[in-house]
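Asks: below are the sequence and a predicted model for it; my questions follow.
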Amino acid sequence: MSAPIREIGHWIDGKEVHGPVADTAPVGDTAPVTDPATGRVTGRVVLAGAADARVAIASAAAAFPAWRDLSLTRRTRILFRFRELLERRKPELARLITAEHGKVLADALGEISRGQEVVEFACGIPHLLKGSMTENASTGVDVCSIRQPLGPVAVVSPFNFPAMVPLWFFPLAIAAGNTVVLKPSEKDPSASIWLAELWAEAGLPDGVFAVLQGGRTAVDELLTHPDIRAVSFVGSTPVARYVYATASAHGKRVQALGGAKNHMLVLPDADLDATADAAVNAGFGSAGERCMAVSVVVAVGDVADRLVPRIAERAAAIRTGDGTRSCDMGPLVTAEHRDRVAAYVGSGELDGATVVLDGRRVRPDGAEGGFWLGPTLLDHVTPAMTVYTDEIFGPVLSVVRAGSFDEAMALINASPYGNGACVFTRDGGAARRFQNEVEAGMVGVNVPVPVPMAYYGFGGWKDSLFGDTHAHGTEGVHFFTRGKVVTSRWPEPVRGGLDLGFPENT
């Protein structure tokens with residue numbers, strides 16, 4: 001007997017809400033939530049209408065003044081409790097991610113741990129919010145600077161990291177004194193409700209964190225509603241461009257992280273076994289559904305003739321299957337996305353690329369109805385092919401051959417994307433030149449996926465980022481706060497009464 005289909009709702013005012021949340025709203029639509037390893041519908045997520053979105057925003061706006069005025073000490077204690085609960089229960093969250101996204105459990109645990117780094121960074125918010133002071137800037141006049149929260153903010157996150165990407169943003173926003181409305185992907189929405197429940201268990205007041213399920217209608221309300229002060233978005237470049245244009249036109253701060261086409265430059269002196277390992281790990285981890293996945297290997301000189309067989313051997317050994325089993329790579333998130341990625345493989349083959357390893361023929365360890373596509377390796381790809389120009393977002397690794405370092409650099413920098421890029425070499429001079437000249441926001445030297453630690457900023461260049469501020473790190477703190485300078489003069493103090501009690505932080 002199959003398990004019953006769950007209904008996934010919104011999270012508003014400290015509880016999960018199913019159906020329309022506004023009194024005047026009609027009965028809303030729902031969307032199916034599937035297990036990518038079986039193709040079976042396991043749930044239905046409620047989709048918000050504009051009136052529902054306004055209720056969630058109103059809840060966040062109502063909760064803001066009290067949360068803003070709560071002492072840093074008390075806010076930080078809640079952050080620490082949230083961190084401890086997340087650490088204790090993250091295997092539970094990982095199973096939920098695997099069930100709806102499809103990635104293997106180890107990968108799901110890894111995404112939670114990377115998100116947890118931002119929570120831990122946010123636990124230091126008292127230090128990060130410190131201002132400065134100048135005594136007697138003028139006679140009897142003091143000047144100080146402070147940072148204050150913005151108000152209600154929105155986070156719109158993608159399907160590929162249902163825990164990590166929201167965790168890039170809302171811990172800092174909440175720690176700084178803002179309230180948050182999270183709009184997760186409707187493809188894997190349960191992780192957001194799980195995180196909301198964890199916040200409630202940690203003691204976060206009702207209304208400080210809301211989850212609004214839905215599609216474009218919900219997003220548009222967040223982008224245009226006057227009570228939302230800032231928007232953080234991660235997704236494809238066309239949508240990121242739309243989010244940035246719409247929200248900024250309505251007076252909001254925006255950080256919109258878009259798509260990517262990440263290159264790995266391999267020079268002839270590189271350790272080819274280590275490079276092949278890195279290319280496979282970075283190209284096929286999480287089935288290539290990562291904005292920092294390596295999708296193009298640019299091989300200089302004759303290095304491709306020696307590197308491609310090494311990559312093919314390793315990729316062929318990858319076990320594709322159900323993420324709950326002992327597999328290396330899971331399915332793609334939906335059947336439509338699997339078919340789209342497979343179509344790119346066919347297009348590359350028609351355009352003249354050599355299909356060294358064809359993931360369309362994979363024999364998975366999983367149900368026939370799963371959304372399977374195995375590791376795919378294409379050689380002799382050229383910049384004119386759509387398999388090179390487009391962000392595929394799947395387990396497809398292309399090899400482009402370049403005659404020289406300069407030719408390779410020109411090819412990489414001609415890409416409209418600038419999210420990440422890496423070089424594999426033993427030559428320190430070449431590595432220094434690469435990191436200086438490459439037009440990308442995150443750079444790796446013998447590191448294939450150069451995702452920075454939480455105390456540095458995450459973000460790309462060119463069409464990979466709209467807005468000037470990167471995610472997390474000190475840039476993230478500044479994004480969710482605004483500065484104020486206070487100039488003050490006071491009369492002579494009046495003597496107060498005695499109080500010998502020990503002062504406490506509350």
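Replies: Everything's here; your move.
Asks: the residue nearest the centre of the chain: what's it in contact with?
Replies: Geometric centre of the chain, nearest residue: Val165, 2.9 Å, by Cα atoms, centre = their mean. Val165 makes contacts with Gly115, Ser157, Pro158, Val234, as judged by Cβ atoms under 8 Å, 6 or more residues apart in numbering. Where you see a C-beta, it was placed from the backbone N, CA and C, and this is true even at glycine.
Asks: likewise for Val387?
Replies: Tyr344, Val345, Ser347, Gly348, Asp351, Ala353, Leu378, Val381, Val396, Ser398.
Asks: quick check, nearest of those to Ala410?
Replies: Comparing the contacts of Val387 against Ala410 with Cβ to Cβ places Val381 closest, at 16.3 Å.
Asks: how close does that closest one get to Pro149?
Replies: Note on Val381: its distance to Pro149, by Cβ to Cβ, to the nearest Å, is 47 Å.
Asks: for Glu87, grab the count of nearby residues.
Replies: 13 (other Cβ atoms under 10 Å).
Asks: and it, what does it touch?
Replies: With Cβ under 8 Å, 6+ apart, Glu87 has these contacts: Gln116.
Asks: now the helix or strand hosting Gln255: mean pLDDT?
Replies: Assigned by DSSP states H and E, Gln255 belongs to strand 253-257. Across strand 253-257, pLDDT averages out at 98.
Asks: now, which of the contacts of Val387 lie within helices?
Replies: Among these, DSSP state H puts Tyr344, Val345, Ser347, Gly348 in helices.
Asks: any idea how far the first one is from Ala279?
Replies: Think Tyr344. 18 Å.
Asks: quick one: the helices in the stretch 151-300 of the chain?
Replies: Using DSSP state H, counting those that start in this stretch, the helices assigned to the stretch 151-300 of the chain run over residues 164-175, 190-202, 216-224, 237-249, 272-284.
Asks: what helices or strands is the shortest one leaning on?
Replies: Just to be clear, that refers to helix 216-224. helix 50-69, strand 152-156, strand 179-183, helix 237-249 (3 or more Cβ pairs under 8 Å, 6 or more residues apart in numbering; DSSP states H and E).
Asks: mind listing what's buried in the longest one?
Replies: Okay, so that is helix 50-69. In terms of neighbour count (16 or more other Cβ atoms under 10 Å), helix 50-69 has its buried residues at 51-61, 63-64, 67-68.
Asks: show residues contacting that helix.
Replies: By Cβ under 8 Å, 6+ apart, helix 50-69 touches 10, 12-13, 20-22, 24-25, 28, 48, 75, 148-149, 151-152, 174, 177-181, 205-208, 210, 212, 214, 217-218, 220-222, 225, 227-228.
Asks: for that helix, the distance to its chain's centre please.
Replies: Distance of helix 50-69 from the chain centroid (Cα atoms, centre = their mean, to the nearest Å) equals 24 Å.
Asks: what angle separates it from helix 164-175?
Replies: Helix 50-69 runs at 50 degrees relative to helix 164-175, counting by axes from the mean of the first three to the mean of the last three Cα atoms, to 10 degrees.
Asks: helix 50-69 to strand 152-156, inter-axis angle?
Replies: 120 degrees.
Asks: over to the last one?
Replies: In this structure, helix 237-249 runs at an angle of 170 degrees to strand 152-156, with the same axes, to 10 degrees as the basis.
Asks: and if you look at the third one?
Replies: Between strand 179-183 and strand 152-156, the angle formed by their directions is 20 degrees, by the same axes, to 10 degrees.
Asks: angle of strand 179-183 against helix 216-224?
Replies: 150 degrees.
Asks: quick one: distance of strand 179-183 to the chain centre.
Replies: On Cα atoms, centre = their mean, the centre of strand 179-183 falls 15 Å from the chain's centre.
Asks: and that strand, which strands flank it?
Replies: When pairs are called by DSSP bridges, strand 179-183 turns out to pair with strand 152-156 (parallel), strand 209-211 (parallel).
Asks: dump those strands to CSV, plus mean neighbour count.
Replies: Formatted as CSV, these follow (neighbours: other Cβ atoms under 10 Å):
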stretch, mean neighbour count
strand 152-156, 28
strand 209-211, 29
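Asks: and those as a markdown table, adding mean pLDDT and distance to Arg361?
Replies: Shown next, in a markdown table, are the strands paired with strand 179-183 (pLDDT from 0 to 100; distance: least, Cβ to Cβ, whole Å):
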| stretch | mean pLDDT | distance to Arg361 |
| --- | --- | --- |
| strand 152-156 | 98 | 37 |
| strand 209-211 | 98 | 40 |
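Asks: could you dump those to JSON lines with distance to Asp322?
Replies: Shown next, in JSON lines, are these (distance: least, Cβ to Cβ, whole Å):
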{"stretch": "strand 152-156", "distance to Asp322": "30"}
{"stretch": "strand 209-211", "distance to Asp322": "28"}
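Asks: which of those sits closest to Gly473?
Replies: Closest among the strands paired with strand 179-183, using Cβ to Cβ: strand 152-156, at 16.4 Å.
Asks: report the inter-axis angle for that closest one versus helix 190-202.
Replies: 140 degrees.
Asks: so where is the stretch 301-450 of the chain shaky, pLDDT-wise?
Replies: Counting by pLDDT under 70, the stretch 301-450 of the chain shows no low-confidence range.
Asks: now the helices for it?
Replies: 303-316, 335-350, 386-389, 405-413, 428-437.
Asks: need those in TSV with distance to Val486, can you?
Replies: Shown next, in TSV, are the helices of the stretch 301-450 of the chain (distance: least, Cβ to Cβ, whole Å):
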stretch	distance to Val486
helix 303-316	59
helix 335-350	52
helix 386-389	52
helix 405-413	45
helix 428-437	41
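Asks: for Ala108, which of those is the nearest?
Replies: helix 335-350 (18.0 Å).
Asks: show me what the closest one is packed up against.
Replies: So helix 335-350, by 3+ Cβ pairs under 8 Å, 6+ apart, packs with strand 354-357, strand 376-379, helix 386-389, strand 396-402.
Asks: what pLDDT does Arg495 get?
Replies: 68.
Asks: surely Tyr388 touches Val296?
Replies: Yes - under the criterion of Cβ atoms under 8 Å, Tyr388 makes contact with Val296 at 6.7 Å.
Asks: now the common contact residues for these two.
Replies: Lys261, Val381, Ser398, Val400.
Asks: just the closest of the residues you listed to Gly374, please.
Replies: Out of the shared contacts of Tyr388 and Val296, the member with the shortest distance to Gly374 (by Cβ to Cβ) is Ser398, at 15.7 Å.
Asks: my read is that the closest one contacts His380, right?
Replies: No - judged on Cβ under 8 Å, Ser398 makes no contact with His380 at a distance of 9.3 Å.
Asks: find the nearest non-adjacent residue to Arg44, please.
Replies: Thr30 (4.3 Å; Cβ to Cβ, 6 or more residues apart in numbering).
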